[in-house]
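Novice: sequence unknown, structure follows:
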């Protein structure tokens with residue numbers, strides 16, 4: 001069995017078994033042809049993987065991981081990398097650690113979390129370096145941003161930060177208004193307590209607060225049985241976007257699923273179909 005067929009079989013097996021990790025799919029083996037390239041950069045002390053398809057890319061996807069998830073999980077625990085590379089997308093995958101994609105840190109931010117990247121690192125260093133090295137993620141190109149869990153929050157905030165840069169986005173299982181989760185430990189760890197800093201929670205890095213700045217076509221998905229991030233976070237974002245931007249292409253999907261790669265893996269094809277529809 002050749003390498004391509006083997007990897008595809010593993011990907012299909014992963015999706016079929018849903019709850020099990022496919023150990024054969026990893027960042028060392030995902031090569032849909034001998035010309036596929038993987039580069040690992042170190043940018044300001046943080047690693048970034050860049051995958052190039054074996055053809056001129058039709059677009060580039062910035063893939064954002066969730067809180068304390070490895071940048072390689074998208075490849076190792078779903079078929080995203082195989083399918084995206086086969087379709088001709090380049091991939092950029094930054095290591096974010098325990099980041100919540102904040103714009104800046106505060107005196108109340110936990111000392112042990114200050115080492116992780118913030119959103120300006122993505123905008124000002126990652127995008128700049130990838131552009132200089134590979135000619136990707138340049139203004140006017142087919143640029144997309146996709147995130148899961150906390151990475152969905154980061155992707156949404158990047159859409160607001162750079163409204164003319166992204167051709168489309170996909171947000172899975174994200175949180176978009178932290179004031180609706182006042183006891184959330186991640187938010188408290190970065191912004192201080194809601195009780196003491198309510199105005200900060202309402203305005204800083206709050207997607208719903210900035211919704212009038214939104215311009216990007218978006219796919220929003222969230223499992224209705226998610227016990228980590230309330231599904232109402234994504235449902236509310238969908239409702240607000242549909243109301244404010246009735247002409248914008250917005251797809252919302254709320255299947256019976258949890259907060260895991262069994263669900264996120266099932267969204268790979270719909271997401272890529274959505275992104276391709278925007279080309």
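Specialist: Received the coordinates, thanks. In this text, all values refer to a predicted model and were calculated from it rather than measured experimentally. Numbers count the residues shown, from 1 in each chain.

Novice: so who does the residue lying closest to residue 223 once chain neighbours are set aside touch?
Specialist: Among residues not flanking residue 223 along the chain, residue 257 sits closest, at 3.2 Å (CB to CB, 6 or more residues apart in numbering). The way it works is simple: take the backbone N, C-alpha and C, and place the C-beta from them, glycine included. Applying CB atoms under 8 Å, 6 or more residues apart in numbering to residue 257 gives the contacts 223-226, 263, 266.

Novice: Tell me the spacing between residue 257 and residue 231.
Specialist: Distance, residue 257 to residue 231, by CB to CB, to the nearest Å: 10 Å.

Novice: what's the answer for residue 56, then?
Specialist: 39 Å.

Novice: average pLDDT across stretch 61-80?
Specialist: Across stretch 61-80, the average pLDDT comes to 97.

Novice: Run through the stretch 1-150 of the chain and note the low-pLDDT ranges.
Specialist: 1-34 (pLDDT under 70).

Novice: Neighbour count: residue 56 and residue 231, which is higher?
Specialist: Comparing residue 56 with residue 231 by neighbour count (other CB atoms under 10 Å), the higher total belongs to residue 231, at 17 against 8.

Novice: Can you report phi and psi for the more buried one?
Specialist: phi -60, psi -30 (degrees, to the nearest 10).

Novice: all strands for the protein, in order.
Specialist: 37-43, 46-52, 59-64, 89-94, 143-148, 168-172, 218-221, 250-253 (DSSP state E).

Novice: contacting residues for the residue nearest to residue 55 when sequence neighbours are not counted?
Specialist: Excluding its sequence neighbours, the residue lying closest to residue 55 (CB to CB, 6+ apart) is residue 88, at 5.6 Å. Applying CB under 8 Å, 6+ apart to residue 88 gives the contacts 53, 55-59.

Novice: Show the buried residues in the residues you listed.
Specialist: 53, 57, 59 (16 or more other CB atoms under 10 Å).

Novice: returning to that earlier point: and the contacts of residue 257, which is closest to residue 149?
Specialist: Sorting the contacts of residue 257 by distance to residue 149 puts residue 226 at the head of the list, at 9.4 Å, by CB to CB.

Novice: For stretch 174-181, buried residues please.
Specialist: 174-178, 181.

Novice: Take these and keep only those in helices.
Specialist: Of these, none are assigned to helices by DSSP state H.

Novice: related to what we said a few turns ago, adding distance to residue 188, write the buried ones among the contacts of residue 88 out as CSV.
Specialist: Output for the buried ones among the contacts of residue 88, formatted as CSV (distance: CB to CB, whole Å):
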residue, distance to residue 188
53, 41
57, 40
59, 37
